[in-house]
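Asker: sequence unknown, structure follows:
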């Protein structure tokens, strides 16, 4: 062959390499969004956790892309999910949800969720769905929180897949609640707690409320009632809830595989927020901008492969980026996309906190960066910067210290 010229097969080979290096470029036909309540990224196996809490997620997304540094837009379910479904902090009544946009494109849209909070503002979450399957008002536990289990969510999701027409694309959103307290995984998933000597149940909420020092004290700050063994016991049960949820999501993955869906689908999995798990004597969430509450897992798999040319992405990602990414992959970029939302295929290599203008209700966290690139030795701490918008609409930068023990 003459110098400077390629044969037919050599040219095709190089073209395939170029496409693979650029990540997925062929539009997906179906979209599956899975959100898991109260799931910390550092308790997920793929994120380096020492326990095998998520073998099904690890297996399914082994061929996808893991975003190692993803944060939620808020440490509370209602704002975090509302903003996730719109890809914007500006979750106004008139702002369209992802389901509405996909429904306009001819998608069959369905949601199966387990979250009592969604009843507070139902229109903010159900808009655009042909079917919005939520637990009944009396399907609650002793705290008034949803009692719909991961098994029930997966059962209903799999049944829905068999009911929808095969000649139309679909969008399915699943929300699992189980890692949220009380921590009561089925017996089969309590292996992490083997040998525990704590006499506490997994209902830490009741214990905190009953044993706090005064009626004016917030129960979530009364963690002093727990011994270190109690804390470890509760974390063991929390991990068991994650393992249980993972196994049920694995059933959905198997159903997608069996129906030949994953080869032409976009599958995204993330969390609404994390959980403090007793650090500094504090429990619960909706209280801080620390990594325990804001850092979440984010997995993406497109047509059975990675979203980008890499299996793991270290750039700063946000749950706000999901809608922009989905719409871009489907060939319909988000009109007037907010400055804080990005296509996940185009994350910059460095983190530069954006400075959008405008006003909005609530105090909300944005993208984060590290002042020291997380290269500290164990026992030292790093400073992470968060841009925060106040209720008045003004912006400021806050520094939070992360203890690396």
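Answerer: Right, received. Where do you want to start? Owing to the predicted nature of the structure, the values given are computational and were not obtained by experimental measurement.

Asker: Now the element after the host helix or strand of residue 251, going C-ward?
Answerer: Remark: residue 251 resides in helix 228-258, with elements defined by DSSP states H and E. Sequence order places strand 265-271 as the next helix or strand after helix 228-258, per DSSP H and E.

Asker: Okay, angle between that following strand and helix 228-258 too, please.
Answerer: 170 degrees (axes from the mean of the first three to the mean of the last three CA atoms, to 10 degrees).

Asker: wait, isn't residue 227 in contact with residue 198?
Answerer: Yes - judged on CB atoms under 8 Å, residue 227 makes contact with residue 198 at a distance of 7.4 Å. Every residue, glycine included, has its C-beta placed from N, CA and C.

Asker: who's more crowded, the two?
Answerer: For residue 227 versus residue 198, neighbours defined as other CB atoms under 10 Å are more numerous around residue 198 (17 against 12).

Asker: Looks to me like the more buried one is in a helix.
Answerer: No - looking at residue 198 with DSSP: H, G, I helix; E, B strand; the rest coil, it is coil, so not inside a helix.

Asker: Got phi/psi on it?
Answerer: Dihedral angles phi and psi of residue 198 (degrees, to the nearest 10) take the values phi -70, psi 140.

Asker: Read off the pLDDT value for it.
Answerer: With respect to pLDDT, residue 198 scores 94.

Asker: dump the residue contacts of the closest residue to it other than its chain neighbours.
Answerer: Nearest residue to residue 198 in three dimensions, chain neighbours excluded: residue 233, at 3.6 Å (CB to CB, 6 or more residues apart in numbering). Residues in contact with residue 233 (CB atoms under 8 Å, 6 or more residues apart in numbering) are 193, 196, 198, 200.

Asker: Could you check how far the second one is from residue 312?
Answerer: Here residue 196 is placed at a distance of 34 Å from residue 312 (CB to CB, to the nearest Å).

Asker: got a pLDDT number for residue 224?
Answerer: Looking at residue 224, its pLDDT stands at 87.

Asker: circling back to that earlier point, quick one: which of the contacts of residue 233 is most hemmed in?
Answerer: residue 193 (20 neighbours).

Asker: and the closest residue to that residue other than its chain neighbours, what does it touch?
Answerer: Distances taken as CB to CB, 6+ apart place residue 236 nearest to residue 193, at 3.8 Å, with adjacent residues excluded. Residues counted as contacts of residue 236 (CB under 8 Å, 6+ apart) are 190, 192-193, 196.

Asker: Dump the residues you listed to CSV, plus secondary structure and distance to residue 156.
Answerer: Shown next, in CSV, are the contacts of residue 236 (DSSP: H, G, I helix; E, B strand; the rest coil; distance: CB to CB, whole Å):
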residue, secondary structure, distance to residue 156
190, coil, 25
192, helix, 28
193, helix, 29
196, coil, 33
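
Asker: Any idea how far apart the tips of stretch 133-146 sit?
Answerer: End-to-end distance for stretch 133-146: 13 Å, by CA to CA, to the nearest Å.

Asker: So for it, what gets flagged as buried?
Answerer: By neighbour count on 16 or more other CB atoms under 10 Å, the buried set for stretch 133-146 is 133-135, 145-146.

Asker: Give me the residues contacting it.
Answerer: So stretch 133-146 is contacted by 110-116, 118-119, 126, 147-148, 156, 160, 177, 180, 182, 203, 205-206 (CB under 8 Å, 6+ apart).

Asker: Among the residues you listed, which lie within strands?
Answerer: Judged by DSSP state E, the contacts of stretch 133-146 include 110-113 as members of strands.

Asker: what's the most distant pair in these?
Answerer: Across those, the longest distance by CB to CB is 10.4 Å; it joins 110 and 113.

Asker: Touching both of those two, which residues are there?
Answerer: 132-133, 173.

Asker: between those residues, which is closest to residue 34?
Answerer: Minimum distance to residue 34 across the shared contacts of residue 110 and residue 113 is 7.8 Å, recorded for residue 173 (CB to CB).

Asker: wait, is that closest one part of a strand?
Answerer: Yes - counting by three-state DSSP, residue 173 is part of a strand.
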